[in-house]
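> What follows is a predicted protein model with its sequence.
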Amino acid sequence: MFTEIRDITALNKEEVLALRIADNQQDFIESTQQCLAEAKADKRFIPVGLYKENNAVGFAMYGVFPEKDNSQRVWLDRYFIDERYQHKGLGKYFIQQLIQYLVAKYSCQNIYLSVYDNNTVAIQLYKKFGFVFNGELDTKGEKVMVKEVYADDYH
C-alpha cells in the first residue's frame, strides 16, 4: 500500500477540501475549509493531506506551540479519515504514520492532542496508541491527551 502525508498546495487543495466528515462526527472536528482558514491565519498550524494510492483519504493538522515556561508542545491538532474511507483500518494506520512523522520532524518526547469526552471512538483509537488524559482542558473545553514518545519505538 503506497501512502503519503502531503503538504497542501495549490495542486491538491481542492481534493483536500472535498474530504467529508461523517455526519455522526460533525460535532467533533472542524471541516477542512475551516482548518485551512485557521492555518492561513495562524502559521503555527500545518495542514496535511493523507493519501493512499494517490487518493486523498484523510486530513490532519499539527503544529508546535510555545508554553509559558519557554518549552514547546507538539500538537496533533486535527485528524480525520474521509467518511468514504472509514472502517478500512486507515484511522489506525495513519495515526501511527503521523506519530512517526512528528517524532522524526521535531524529535519530540511528547505529542499532545485534545478530544471531546463524548468522542468515544476517537478516544479508544488514541488510547490504543498510548495517549492518556493528562487532566488538562484546551481553550475549547476538550480534554487533553498526551503520548510519551520513546525514541527506540520510532527509529
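That came in fine, so what should we check first?
> What segments of this protein are strands?
Ranges of strands within the chain are 3-7, 45-52, 55-66, 72-81, 110-115, 132-137, 143-148, based on DSSP state E.
> could you give the angle of the least confident helix or strand in the chain by mean pLDDT to strand 55-66?
The helix or strand of the chain with the lowest confidence, counting by mean pLDDT, DSSP states H and E, is helix 32-41 at a mean of 84. Relative orientation of helix 32-41 versus strand 55-66 (axes from the mean of the first three to the mean of the last three Cα atoms, to 10 degrees): 40 degrees.
> Give the buried residues for helix 32-41.
Using 16 or more other Cβ atoms under 10 Å as the test for burial, helix 32-41 gives 32, 35-36, 38-39. C-beta coordinates here come from the backbone N, C-alpha and C atoms, glycine included.
> by how many degrees do it and strand 45-52 diverge?
Using the same axes, to 10 degrees: helix 32-41 against strand 45-52 is 140 degrees.
> Check which helices and strands helix 32-41 sits against.
helix 13-17, strand 45-52, strand 55-66 (3 or more Cβ pairs under 8 Å, 6 or more residues apart in numbering; DSSP states H and E).
> Among these, which comes closest to residue 83?
Checking the helices and strands packed on helix 32-41 against residue 83 by Cβ to Cβ gives strand 55-66 as the closest, at 10.4 Å.
> from what I can see residue 83 touches residue 20, true?
Yes: using Cβ atoms under 8 Å, residue 83 makes contact with residue 20 at a distance of 5.1 Å.
> do you know how far the residue most central in space within the chain is from residue 15?
In the chain, the centroid-proximal residue (Cα atoms, centre = their mean) is residue 79; its distance is 3.5 Å. Residue 79 sits 18 Å away from residue 15, going by Cβ to Cβ, to the nearest Å.
> what does residue 145 give?
Per Cβ to Cβ, residue 145 is found 29 Å from residue 15.
> Which of these two has more residues huddled nearby?
residue 145 (22 against 15; other Cβ atoms under 10 Å).
> Give the closest residue to that one in space, chain neighbours not counted.
Once flanking residues are discounted, residue 145 sits nearest to residue 131: 4.1 Å by Cβ to Cβ, 6 or more residues apart in numbering.
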